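Engineer: starting from these lines, generate the structure:
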Amino acid sequence: MKERDIRNMRPESLMMSHGYNPEWSEGAIKCPIFQTSTFVFKTAEEGKRFFEVAYGLRDKEPEEEMGLIYSRLNNPDLEILENRLCLWDGAEEALVFESGMSAISTMLLAHLNPGDIVLHSDPLYGGTDHFMNNVLTRFGINSFGVASWDDMDAVRAKIEEHGADKLKMIYIETPANPTNHLFDIEAYAELAKEYSTTDRKVLVAVDNTYMGPIWQHPLKAGADLVLYSATKYIGGHSDLIAGACLGSTEVMTPIRGMRTFMGSMAGPWTGWLLMRSLETLKVRMDQQARNAEKVADYLRDHPKVDKVHYLGHLTEADGEQYKIYKKQYTSGGAMLAFTVKGGEPEAFRFLNALNLVHLAVSLGSTESLAEHPATMTHADVDPVLKERMGINGSLVRLSVGVEYHEDLIADLAQALEKV
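Structural biologist: Below is the predicted model of the structure:
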């Protein structure tokens, strides 16, 4: 597609064809699955040129295309998918991985060295929390957390306490999983500049899984890297596991190299499924957001619900959180959490009584999903931190799907009757 056409079209239109020409594949309107491990070179000289670029032995010449070598290095399905993913976030490059955790772990290992320190938001998804606090520490990389209610002076004090000269990355999950706490990406990007030096740039990485590529754009707010569990909204059908990382060529090049040698890239079948899912991403997410608003309003007024954590309910009375929401987000999203009156037994009774809504972890899929963060997705998180963040026995996380909203509300109503 011509460059002028790309500039004049929105991403939801370009998801249908960008980066693919049917003439390449016998006129097939959809990109085929390139289910192959290796690719044939026309000449030995061509193979040499391809490897020189792939292994960073030289830079690509102007107008030179990266040749196909081996599906651990590149594959047409992944390349077309990655080009399309870039359009949503306005990124120079995207890389797709076999899971969200492989995207996160590969990115962290590519940019961190022994002695480095990571500042991260609290709470984090349980898998990320475990990797930060139990895996990176084995390589001499330490981290510390900040809460959404910590102002920048408090954050600076924590940085100085842990060693400002060792700070290498600020890692933010916003909205936080599962509490929907918000963090100001622009403010943390400015903080990263403040602590960067000529030979040590502090990077800002944002896990944008909760908002998908539609409702928040961290790179445009000043982040260096944006990460997704592509299993969630991007995949959106509970039938694949994948992850993605996006950013400028400068920050993505080390991650690409690490992915090559760790072998954490997604396969062609996963890439093909994700291309299929991107075609309906916006219509799915729009419907989920509309449903979530109605569901959240119902739960807010229910006598057996203490509190609902939903972005669309934020008001000026919520102070800084409301300001961040109005500045940083285009929707209240489709993720909410709420506390059932009582504790774990009451929450379990509610979860066990659901019919239309499925009791399962994950999020962002076409079907609605409910789970118990304290004992499931965040089971391994430090108990003291969980309590401080409100991840207790009464908290339920709900990912709202595309079902008819009145049917969802009826299911929630009959389940709450069991409490």
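Engineer: so where's the protein uncertain?
Structural biologist: Low-confidence segments of the chain, defined by pLDDT under 70: 1-7.
Engineer: can you list the domains in it?
Structural biologist: As assigned by automatic domain parsing, the chain contains the domains 94-274, 281-417.
Engineer: would JSON lines of the ones you listed with mean neighbour count and distance to residue 32 be doable?
Structural biologist: C-beta: built from backbone N, CA, C; applies to glycine. Below are the domains of the chain laid out as JSON lines (neighbours: other Cβ atoms under 10 Å; distance: least, Cβ to Cβ, whole Å):
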{"stretch": "domain 94-274", "mean neighbour count": "20", "distance to residue 32": "8"}
{"stretch": "domain 281-417", "mean neighbour count": "18", "distance to residue 32": "21"}
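Engineer: now those domains as TSV including distance to residue 17?
Structural biologist: Formatted as TSV, the domains of the chain follow (distance: least, Cβ to Cβ, whole Å):
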stretch	distance to residue 17
domain 94-274	15
domain 281-417	15
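Engineer: which one of these lies closest to residue 15?
Structural biologist: Proximity to residue 15 (Cβ to Cβ) singles out domain 281-417 among those, at 6.9 Å.
Engineer: one step back: between the domains of the chain, which gets nearest to residue 35?
Structural biologist: When those are compared (using Cβ to Cβ), the closest one is domain 94-274, at 5.6 Å.
Engineer: roughly how far out does the closest one sit from the chain middle?
Structural biologist: Offset of domain 94-274 from its chain centre (Cα atoms, centre = their mean, to the nearest Å): 9 Å.
Engineer: these two touch, right, residue 274 and residue 237?
Structural biologist: No: taking Cβ atoms under 8 Å as the definition, residue 274 is not a contact partner of residue 237, at 10.2 Å.
Engineer: now residue 231: how far from residue 352?
Structural biologist: The gap separating residue 231 from residue 352 is 25 Å, by Cβ to Cβ, to the nearest Å.
Engineer: cool, and residue 189?
Structural biologist: 44 Å.
Engineer: please apply the same query to residue 58.
Structural biologist: For residue 58, the distance to residue 352 - Cβ to Cβ - is 60 Å.
Engineer: now swap in residue 57 and tell me
Structural biologist: Taken as Cβ to Cβ, the span from residue 57 to residue 352 is 59 Å.
Engineer: next SSE after the longest helix anywhere in the chain?
Structural biologist: Longest helix in the chain, counting residues (DSSP state H): helix 281-300. Downstream of helix 281-300, the first helix or strand assigned by DSSP states H and E is strand 305-309.
Engineer: may I have that next one as PDB, with CA atoms only?
Structural biologist: C-alpha atoms of strand 305-309 as PDB (Å, rounded to 0.1, in the frame of the first residue of the first chain):
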ATOM      1  CA  VAL A 305     -21.100  -4.900  46.800                       C
ATOM      2  CA  ASP A 306     -18.900  -2.600  48.900                       C
ATOM      3  CA  LYS A 307     -16.800  -0.900  46.200                       C
ATOM      4  CA  VAL A 308     -16.300  -1.000  42.400                       C
ATOM      5  CA  HIS A 309     -12.900  -0.200  40.900                       C
END
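Engineer: tilt between that strand and helix 281-300?
Structural biologist: 150 degrees (axes from the mean of the first three to the mean of the last three Cα atoms, to 10 degrees).
Engineer: how far does whatever helix or strand comes next after strand 305-309 sit from the chain's center?
Structural biologist: Later in the chain than strand 305-309, the nearest helix or strand by DSSP H and E is helix 320-328. Its chain's average C-alpha position is 20 Å from that of helix 320-328, according to Cα atoms, centre = their mean.
Engineer: contacts for helix 320-328?
Structural biologist: 148, 174, 181-186, 216, 221, 311, 314-316 (Cβ atoms under 8 Å, 6 or more residues apart in numbering).
Engineer: what about 10 Å?
Structural biologist: With contact meaning Cβ atoms under 10 Å, 6 or more residues apart in numbering, helix 320-328 is reached by 148-149, 151, 174-175, 180-187, 211, 215-218, 220-221, 311-316, 318, 331-332.
Engineer: okay, strands next: where are they in the stretch 51-200 of the chain?
Structural biologist: 93-97, 117-121, 142-146, 167-173 (DSSP state E, counting those that start in this stretch).
Engineer: between the second one and strand 167-173, how big is the angle?
Structural biologist: For the pair strand 117-121 and strand 167-173, the angle between their directions (the same axes, to 10 degrees) equals 20 degrees.
Engineer: so which elements touch strand 117-121?
Structural biologist: If you count contacts as 3 or more Cβ pairs under 10 Å, 6 or more residues apart in numbering; DSSP states H and E, strand 117-121 packs onto strand 142-146, helix 152-162, strand 167-173, helix 185-195, strand 203-207.
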